[in-house]
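Novice: Below are the sequence and a predicted model for it; my questions follow.
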Amino acid sequence: MNAKIEDFSGNLIEFRDVSFHINDIPGREVISGVSLTVPTGETVVLLGRSGSGKTTLLRLINAMLLPSQGQVLVEGRATVEWDPIRLRRGIGYVIQEAGLFPHFTVAENVGLVPSLEKWDRCRIAARVGELLRLVGLDPAEFADRRPRELSGGQRQRVGVARALAADPPILLMDEPFGALDPVTRAELQREFRALAQRLGKTIVFVTHDLREALLLASRIVLLEAGRIVAVAPPQEFLQLEHPEVRAFAASLETGPGVPA
Amino acid sequence: MSLGDWSFFVEHRPEIFGATLEHVELVLISMLIAMLIAVPLGMFIVQRPALRAVSIGIANVFQTIPSLALFGFLIPIPFIGGIGKRTAIVALVLYALLPILRNTYVGLSGIDPAVLEAAEAMGMTPAQILFRVRFPLALSIILAGIRTATIITIGIATIGAAIGAGGLGTFIFRGVALVSDSLILAGAIPAALLALIADFLLGLLERRLRVA
């Protein structure tokens, strides 16, 4: 599947001087002048306060939004030129609260994209079993449950499995662990980090939690008011002098349960 | 209810039964037509705010016209009017539209935004989102509208007898004219029972289709 995308070397995702304004009204920029490249296999974390434009940036990648100015390239091709349906089928998407379909079983949720892609039933069933085991859920126990019969953490695991279903080269994650209790969140973060390293996906991950960013990122991109103000690997990020970096670093020091 | 009423029912069993069937037929035909109009229309207006206001507004207007007056208005209209079943069905459809249309719209638009976002992001086409996500999730709410409409229609269909549509209203109007409680009850009781049965059965179905 998607051999063409798997083999794509270089920058899988690229923002070229991208601006986005709501209803195309200039002056009401949500994103202004963003340039960013995401090479294959990297985990880029978009960090920022609420309203800093990180979710907007994410939605520009899978053409849920189109740039008002500039270009977003996926696989070297502008999102405006992609058939949005084809583009999205090759990009996994995980959101807070998972957004699972309440009228589908866990297996049907996970198997949705493969079924849209018209895989045969045996192949879907095998894939669903494989994925549930991958995210730590026993298929025998969980495959036939409905989302409402799962805990928040289990739902999020299913959300990750669903995003991985058709083996997309890109994963977009919008605060996927944001609504979980701290213990479950830490558990999923650790597991997800191991999973990400193993699968070699290109991941763009949105969060407002610096600790999460430090844990998961190969590169942290800090956004403030729709602009990129800092880009650095996690080891170097805390040394940066930018005031917004300092503000986030301060939140880390005073954050609950963090050893000084 | 006196013993006299009871013996009246027993004696007129075949007529009452026939009128009940006629009544059910009126209601079923009207409901079927109303659903075929209101459900697709509801699906169509979900993404179109301007049309939504207009169509729900029009459906609202029909609801405010007193039923006897609406039957009267329809009689002189060519093709759909006149005396008999057809006119009654047109009026009943007009009354049934609003609850179905409104619930279809409310059900389809009241879906968790996270679910719709996920559906779009996974590369479902707008048609797939409508038929595989929105519609199944809205089904119990749409059905609640159908249930309300059915009960209203069973009641209003009795007035159809005033313009010669037959049904249980025949007994009621005759009873009023002849000042006969037995006759009125012979129409009113089966109509009430029909409404209760329809409410119960559609309620069962509605609960079965409810998700989460």
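Specialist: That came in fine, so what should we check first?
Novice: Could I get the buried residue list for the lowest-mean-pLDDT helix or strand in chain B?
Specialist: Here the helix or strand of chain B ranked lowest by mean pLDDT, DSSP states H and E is helix B:3-11, holding a mean of 82. Of all the residues in helix B:3-11, those buried under the rule 16 or more other Cβ atoms under 10 Å in any protein chain shown are B:5, B:8. Bear in mind the C-beta positions are built from the backbone N, C-alpha and C, glycine included.
Novice: so how many other residues sit close to B:Glu22?
Specialist: By other Cβ atoms under 10 Å in any protein chain shown, 20 other residues sit near B:Glu22.
Novice: Ok, the one 4 residues further on next?
Specialist: When neighbours are defined as other Cβ under 10 Å, B:Leu26 has 26 of them.
Novice: Could you do A:His242 as well?
Specialist: There are 13 residues near A:His242, going by other Cβ under 10 Å.
Novice: Excluding sequence neighbours, find me the nearest residue to it.
Specialist: Closest residue to A:His242 apart from its sequence neighbours, by Cβ to Cβ, 6 or more residues apart in numbering or on different chains: A:Ala230 at 5.0 Å.
Novice: Look at that neighbour and give its secondary structure.
Specialist: Secondary structure, DSSP: H, G, I helix; E, B strand; the rest coil: A:Ala230 is strand.
Novice: what's near enough to touch it?
Specialist: Contacts for A:Ala230 (Cβ atoms under 8 Å, 6 or more residues apart in numbering or on different chains) come out as A:220-222, A:237, A:240, A:242, A:244-245.
Novice: in the sheet, who's paired with it?
Specialist: A:Leu222 (DSSP bridges).
Novice: how close does it sit to chain B?
Specialist: As judged by Cβ to the nearest Cβ, to the nearest Å, A:Ala230 and chain B stand 28 Å apart.
Novice: mind checking how far that residue is from A:Leu222?
Specialist: Distance, A:Ala230 to A:Leu222, using Cβ to Cβ, to the nearest Å: 4 Å.
Novice: What of B:Leu101?
Specialist: 49 Å.
Novice: same check, this time on A:Val245
Specialist: Counting by Cβ to Cβ, the gap from A:Val245 to A:Leu222 is 6 Å.
Novice: shared neighbours, the two?
Specialist: Common contacts of A:Val245 and A:Leu222, defined by Cβ under 8 Å, 6+ apart, comprise A:229-230, A:237.
Novice: for these, which one is nearest A:Glu108?
Specialist: Nearest to A:Glu108 among those is A:Phe237, at 40.4 Å by Cβ to Cβ.
Novice: Inside helices: which ones of the contacts of A:Ala230?
Specialist: Those of those mapping onto helices are A:237, A:244-245, per DSSP state H.
Novice: Which residues of chain B lie near chain A?
Specialist: When proximity is defined as Cβ under 8 Å from any Cβ of the partner chain, chain B approaches chain A at B:112, B:114-115, B:117-125, B:128, B:133, B:136-137, B:211-212.
Novice: surely B:Leu74 meets B:Thr87?
Specialist: Yes - between B:Leu74 and B:Thr87 there is a contact under Cβ atoms under 8 Å: 4.9 Å.
Novice: What part of chain A, helix or strand, is modelled with the least confidence?
Specialist: Lowest on mean pLDDT, DSSP H and E among the helices and strands of chain A sits helix A:3-6, with a mean of 46.
Novice: I'd like to know which elements the helix or strand that that one is followed by is packed against.
Specialist: As assigned by DSSP states H and E, the chain's next helix or strand after helix A:3-6 is strand A:11-21. Packing partners of strand A:11-21 (3 or more Cβ pairs under 8 Å, 6 or more residues apart in numbering or on different chains; DSSP states H and E): strand A:29-39, helix A:54-61, strand A:69-74, strand A:202-207.
Novice: Using PDB, write out every CA atom in strand A:11-21.
Specialist: Written as PDB, here are the backbone C-alpha positions of strand A:11-21 (Å, rounded to 0.1, in the frame of the first residue of the first chain):
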ATOM      1  CA  ASN A  11      10.400  16.600   3.400                       C
ATOM      2  CA  LEU A  12       7.100  14.800   3.600                       C
ATOM      3  CA  ILE A  13       5.400  17.900   4.800                       C
ATOM      4  CA  GLU A  14       6.400  21.400   4.000                       C
ATOM      5  CA  PHE A  15       4.900  24.800   4.800                       C
ATOM      6  CA  ARG A  16       6.000  27.600   2.500                       C
ATOM      7  CA  ASP A  17       5.300  31.000   3.900                       C
ATOM      8  CA  VAL A  18       1.800  30.000   4.900                       C
ATOM      9  CA  SER A  19      -0.800  32.400   6.100                       C
ATOM     10  CA  PHE A  20      -4.400  31.600   7.000                       C
ATOM     11  CA  HIS A  21      -7.100  34.100   7.800                       C
END
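Novice: Would you list the strands that that strand pairs with, along with their directions?
Specialist: Within its sheet, and counting by DSSP bridges, strand A:11-21 is paired with strand A:29-39 (antiparallel), strand A:69-74 (antiparallel).
Novice: Between the ones you listed, which one is closest to B:Pro78.
Specialist: Closest to B:Pro78 of the strands paired with strand A:11-21, according to Cβ to Cβ: strand A:29-39, at 57.1 Å.
Novice: which other residues reach that closest one?
Specialist: Outside strand A:29-39, the residues that reach it (Cβ under 8 Å, 6+ apart) are A:10-22, A:44, A:53, A:56-57, A:60, A:67, A:70, A:202, A:204, A:221, A:226-228, A:231.
Novice: List of residues touching stretch B:19-36?
Specialist: Defining contact as Cβ under 8 Å, 6+ apart, one finds that stretch B:19-36 is touched by B:85, B:88-89, B:92-93, B:96-97, B:100, B:146, B:149-150, B:153-154, B:157-158, B:160, B:165-171, B:187, B:190-191, B:194.
Novice: Repeat the analysis, applying 7 Å as the threshold.
Specialist: By Cβ atoms under 7 Å, 6 or more residues apart in numbering or on different chains, the surrounding residues in contact with stretch B:19-36 are B:85, B:88-89, B:92-93, B:96-97, B:100, B:146, B:149-150, B:153-154, B:157, B:160, B:165-168, B:170-171, B:190-191, B:194.
Novice: buried set for it?
Specialist: Going by 16+ other Cβ under 10 Å, stretch B:19-36 has these buried residues: B:19-20, B:22-24, B:26-27, B:29-31, B:33-35.
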